[in-house]
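Student: sequence? don't have it. structure:
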Ligand code: SF4
């Protein structure tokens, strides 16, 4: 089992939400957020539990989240992932969301995920341009783009797809995001897209995206897709977190690491 960390909030837009973070990744993104903090950058409190899958499941049952996200580094590298999903789906009544870099979503594996009980797959496209993707991640984006097609083919009301893409000037610009939107629209314009502005990481020399970049990216994507949403800029999140509207995150960690 590659789960190394759980974070939880009681009120994220009215929902209880838990995130299970998995170790290991097959990409080497230059601006990986995990380089900033591999735990929860927003956590305000810590709890420690016995670190077995049963112990984590018991904790999840106690917290009773509406949504459980499987993310962190790359969950699909965990050989136990299908079994983990099956157990969560059987023992808890939650919407299960898999967040992946999309590199391992063959048609066969996509069907296994669906059968196991995943309700939603979020595929993160780091860059639509092939060369820039290789530069940024050291991997081709061919499998990622095929992964989008494979999930879209078996998508239904209980197994949804969302394509998340990074907004990072010089790597995935608003024009690249528009090209990705065109690619997705050719599969199905009702597939939803989420634009995630890059969070600056110390020692990494990219220009942080600004409001104009975000507005440009969203408007370009909206020309081709019905549903486009976005995350606020990191500078905006910091301001939101100073208001009473902020969600309080609790980290759950191994008692004996
Ligand atoms: S795919 Fe995600 S976890 Fe892996 S290196 Fe890239 S940003 Fe980091």
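Tutor: Good, I have the coordinates. Computed from a predicted model, the values in this text were never measured in an experiment.
Student: name the residues of this protein found near the ligand, please.
Tutor: Neighbours of the ligand within the chain, by Cβ under 6 Å from any ligand atom: 25, 27-29, 32-34, 73-74, 101, 137. (Each C-beta comes from the backbone N, C-alpha and C, glycine too.)
Student: for ChimeraX, write a command that selects the buried ones of those residues.
Tutor: Once 16 or more other Cβ atoms under 10 Å is used to decide burial, the buried members of these can be selected in ChimeraX as follows:
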select :25,27,29,32,33,73,74,101,137
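Student: and the residues of the chain next to the ligand, which of them are in strands?
Tutor: Using DSSP state E, no member of the residues of the chain next to the ligand falls in strands.
Student: now do the SS call for the closest residue to the ligand within the stretch 151-257 of the chain.
Tutor: With Cβ to the nearest ligand atom, the shortest gap between the stretch 151-257 of the chain and the ligand falls at residue 166, namely 8.3 Å. Taken by DSSP: H, G, I helix; E, B strand; the rest coil, the conformation at residue 166 corresponds to strand.
Student: and if you look at residue 152?
Tutor: With three-state DSSP as the basis, residue 152 sits in helix.
Student: just give me the longest helix of this protein.
Tutor: Taking DSSP state H as the criterion, the chain has its longest helix at helix 174-187.
Student: that one: which residues count as buried?
Tutor: 174, 176-185, 187.
Student: my read: residue 103 touches residue 144, true?
Tutor: Yes. The pair residue 103 / residue 144 is scored as a contact, 5.9 Å apart, by Cβ atoms under 8 Å.
Student: could you find the lowest-pLDDT member of the residues of the chain next to the ligand?
Tutor: By pLDDT, residue 34 ranks lowest within the residues of the chain next to the ligand, coming in at 77.
Student: for that one, which non-adjacent residue is closest in space?
Tutor: residue 73 (6.3 Å; Cβ to Cβ, 6 or more residues apart in numbering).
Student: enumerate every residue touching that neighbour.
Tutor: Taking Cβ atoms under 8 Å, 6 or more residues apart in numbering as the criterion, residue 73 is in contact with 2, 21-25, 34.
Student: try it again with 6 Å
Tutor: Contact partners of residue 73, counting by Cβ atoms under 6 Å, 6 or more residues apart in numbering, are 22-25.
Student: can I get the buried part of the residues you listed as one PyMOL selection?
Tutor: Applied in PyMOL, the following selects the buried portion of the contacts of residue 73 according to 16+ other Cβ under 10 Å:
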select buried, resi 22+23+25
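Student: with distance to residue 238 added, can I get the contacts of residue 73 in a markdown table?
Tutor: Formatted as a markdown table, the contacts of residue 73 follow (distance: Cβ to Cβ, whole Å):
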| residue | distance to residue 238 |
| --- | --- |
| 22 | 27 |
| 23 | 27 |
| 24 | 29 |
| 25 | 26 |
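Student: residue 94: which of the contacts of residue 73 is nearest?
Tutor: Lowest distance from residue 94 to those (Cβ to Cβ) belongs to residue 22, with 17.1 Å.
Student: buried stuff in stretch 51-61?
Tutor: Those would be 51, 56, 59-60, for stretch 51-61 by 16+ other Cβ under 10 Å.
Student: helices of the stretch 51-200 of the chain, start to end?
Tutor: Assigned by DSSP state H, counting those that start in this stretch, the helices in the stretch 51-200 of the chain fall at 53-63, 81-91, 107-116, 130-137, 142-153, 174-187.
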